[in-house]
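Q: what's the 3D shape of this:
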Amino acid sequence: MRLSLRPKKLLSSISNLPGWRTNRRIVVIESDDWGAVRMSSNKAFHQLVKKGYPVDSCPYNRNDSLESNDDLMYLFQVLDQVRDINGKPPVITANNIVANPDFTRIKESGYSSYFHEPFTKTLERYPAHDQVLTLYRQGMKAGFIQPQFHGREHLNVARWMEALQRNDTPVRTVFDLEMYSPHVSDHPVYKMEYMDAFNFIQESELSNLAVIIQQGLDLFYDIWGFKSKSFIAPCYIWGKELEAQLSNNGISYIQGIRNQFQPILGSTQDTRNVYHYLGERNRHNQRYLVRNAFFEPSINPDVDWVSECLKRISSAFAWKKPAIIGSHRLNFMGQLNPKNREENLLLLSKLLKKIKENWPDVEFMSSDELGIEIDKINLEK
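A: Numbers count the residues shown, from 1 in each chain. The predicted structure follows:
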């Protein structure tokens with residue numbers, strides 16, 4: 001029999017072959033970067049463009065900033081338009097960066113020491129962000145949003161501090177604007193923009209990364225009043241060596257895409273692919289949750305994201321898999337560019353209504369709820 005599937009469809013089908021299955025129509029929306037600073041303001045953006053930094057070519061730097069009052073309010077209004085078969089609204093698993101650099105204290109130390117602050121304190125310095133925590137808690141109560149752990153910072157602290165201490169011009173320039181990602185694509189020293197928090201070169205770095213995980217999860221509990229059950233690594237880069245520390249701190253589920261980027265000792269740039277499937281267990285009894293659909297209109301506005309996402313959802317359901325949709329925070333942000341938020345929320349509304357129309361028996365879950373469901377069903381067998 002001739003295989004008529006197109007390459008994209010074929011890859012989607014293959015990725016849905018192994019792992020946990022269900023007859024239920026479950027949809028999970030996982031969204032990364034909540035709480036992290038990115039572009040600090042429109043003023044900072046234009047200053048960097050004027051200096052010749054290509055931030056205008058990066059969708060994150062054009063659109064992504066710390067979530068504001070309006071960002072959450074308008075997002076929740078869209079989520080409130082749809083209910084699943086159980087009467088629940090769609091829920092955003094907001095993968096939370098719980099801290100940002102304390103730029104003032106770092107500078108006061110002469111760049112000799114690193115300090116961080118809870119993202120709740122960062123909110124205090126941003127305009128139109130005074131109701132963000134209140135809105136979060138209201139959204140959690142209504143079932144619109146569920147924070148989970150993304151990292152202490154979205155930042156490779158060791159590499160970034162080294163760059164500050166050697167007076168790296170792009171890094172110092174954006175530091176003065178209370179940012180850490182200079183977006184210099186041809187930078188000869190470090191091309192990951194210091195965003196890969198859990199990348200490492202030497203095995204000796206693992207102890208410091210374990211401390212960062214411990215502190216980050218403690219801070220997550222302090223902010224939200226509960227322990228995160230799931231985790232996703234910034235840039236999908238983490239070493240299996242860190243999974244024990246995550247497990248020791250209550251992380252039962254590891255979110256990600258099909259391939260994990262495992263750091264290679266001795267290299268700041270290279271990683272090797274480690275492939276995972278939905279429900280796969282590691283040696284610490286943790287399960288991997290693998291994204292099989294995407295909604296990223298800010299990253300590539302030329303794609304018909306509603307149609308493409310619906311096709312991926314249909315494929316997942318055909319293979320008796322939940323649809324786990326990856327959609328970064330920048331798609332819903334409007335502080336820098338209100339048009340970005342307005343247009344993408346219209347698309348999100350259309351997507352959610354189409355999901356309900358196509359699959360009336362759909363069930364909306366957060367990542368931790370899905371993980372618990374997988375464990376529960378396996379225990380019952």
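Q: Q262 - that's part of a helix, no?
A: No: counting by DSSP: H, G, I helix; E, B strand; the rest coil, one finds Q262 to be strand, located in no helix.
Q: my read: it touches T271, true?
A: Yes: Q262 lies in contact with T271 (Cβ atoms under 8 Å); the separation is 5.7 Å. In short, each C-beta sits where N, CA and C put it, glycine included.
Q: who's more crowded, these two?
A: The neighbour comparison of Q262 against T271 (other Cβ atoms under 10 Å) goes to T271, with 20 against 15.
Q: break down the protein into its strands, ranges please.
A: In the chain, the strands defined using DSSP state E lie at 26-34, 92-97, 99-101, 116-118, 145-151, 230-231, 253-256, 259-263, 271-275, 287-290, 293-294, 323-326, 363-365.
Q: pull up the pairing partners for the first one, direction included.
A: Read that as strand 26-34. As defined by DSSP bridges, the strand partners of strand 26-34 come to strand 92-97 (parallel), strand 323-326 (parallel), strand 363-365 (parallel).
Q: how far away is V362 from A316?
A: Using Cβ to Cβ, to the nearest Å, V362 is found at 12 Å from A316.
Q: no wait, Y221
A: Going from Y221 to A316 by Cβ to Cβ gives 32 Å.
Q: so between those two, which is more surrounded?
A: Neighbour tally, Y221 and A316, criterion other Cβ under 10 Å: the higher count belongs to A316, 24 against 16.
Q: so that one makes contact with N292?
A: Yes: between A316 and N292 there is a contact at 5.1 Å, judged by Cβ under 8 Å.
Q: hey, what's in contact with both of these two?
A: Common contacts of A316 and N292 (Cβ atoms under 8 Å, 6 or more residues apart in numbering): N16, A323, I324.
Q: which single one of the residues you listed is nearest to V157?
A: Set against V157, the nearest of the shared contacts of A316 and N292 by Cβ to Cβ is I324 (29.4 Å).
Q: that closest one pairs with what?
A: V28.
Q: retrieve the pLDDT associated with it.
A: pLDDT for I324: 98.
Q: list the buried residues of stretch 29-43.
A: 29-41 (16 or more other Cβ atoms under 10 Å).
Q: I meant to write stretch 293-304 there.
A: A293, F294, F295, E296, P297, S298, I299.
Q: any residues touching it, and which ones?
A: So stretch 293-304 is in contact with 29, 59, 63-64, 305, 308-309, 312-313, 316, 323-328, 330-331, 340, 343-344, 347-348, 351, going by Cβ under 8 Å, 6+ apart.
Q: any idea of the mean pLDDT for the top helix by length along the chain?
A: Ordering each helix of the chain by length in residues (DSSP state H) puts helix 338-358 first. On average, the pLDDT along helix 338-358 is 98.
Q: so what's the residue nearest in space to the middle of the chain up against?
A: Per Cα atoms, centre = their mean, the C-alpha nearest to the average position across the chain is that of D32, at 1.6 Å. By Cβ under 8 Å, 6+ apart, the contact set of D32 is N95, H150, I232, P234, G326, H328, R329.
Q: gap between the first one and F115?
A: What that stands for is N95. Distance from N95 to F115, by Cβ to Cβ: 23 Å.
Q: go on, E280?
A: Distance from E280 to F115, by Cβ to Cβ: 38 Å.
Q: next: P182.
A: From P182 to F115 the distance is 20 Å (Cβ to Cβ).
Q: more crowded one of the two?
A: Each of P182 and F115 has its neighbours counted (other Cβ under 10 Å); P182 has more, 25 against 14.
Q: hang on, the earlier thing: what's the angle between the longest helix of the chain and strand 26-34?
A: Angle, helix 338-358 to strand 26-34, by axes from the mean of the first three to the mean of the last three Cα atoms, to 10 degrees: 170 degrees.
Q: now what about helix 338-358, what contacts it?
A: 27, 62-63, 70-71, 74-75, 78-79, 81-84, 90, 295, 297-298, 305-306, 309-310, 313-314, 330-334, 362.
Q: again, 7 Å this time
A: Residues outside helix 338-358 that contact it (Cβ atoms under 7 Å, 6 or more residues apart in numbering) are 27, 63, 71, 74-75, 78, 81-82, 90, 295, 297-298, 305-306, 309-310, 313, 331-334, 362.
Q: which among the residues you listed count as buried?
A: 27, 63, 71, 74-75, 78, 82, 90, 295, 297-298, 305-306, 309-310, 313, 331-334, 362.
Q: any stretches of the stretch 1-150 of the chain with poor pLDDT?
A: For the stretch 1-150 of the chain, applying pLDDT under 70 flags the ranges 1-14.
Q: what sits up against stretch 159-179?
A: 37, 39-40, 44, 47, 51, 103, 111, 114, 180-182, 184, 187, 190, 194.
Q: quick check, F144 in contact with V91.
A: Yes: at 6.2 Å, F144 counts as touching V91 under the criterion of Cβ atoms under 7 Å.
Q: so what sits against both of those two?
A: Common contacts of F144 and V91 (Cβ under 7 Å, 6+ apart): none found.
Q: where do the helices sit along the stretch 51-200 of the chain?
A: 59-63, 69-79, 103-108, 119-123, 132-142, 157-165, 169-175 (DSSP state H, counting those that start in this stretch).
Q: dump the fifth one to CSV, restricted to CA.
A: So the one you mean is helix 132-142. The C-alpha atoms that make up helix 132-142 are tabulated as CSV, following Å, rounded to 0.1, in the frame of the first residue of the first chain:
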residue,chain,number,x,y,z
VAL,A,132,-1.3,41.0,37.9
LEU,A,133,-1.1,38.8,41.0
THR,A,134,-4.7,39.5,41.9
LEU,A,135,-5.7,38.6,38.3
TYR,A,136,-3.6,35.4,38.4
ARG,A,137,-5.4,34.3,41.6
GLN,A,138,-8.8,35.1,40.2
GLY,A,139,-7.9,33.2,37.0
MET,A,140,-6.7,30.2,38.9
LYS,A,141,-10.0,30.1,40.9
ALA,A,142,-12.0,30.4,37.7
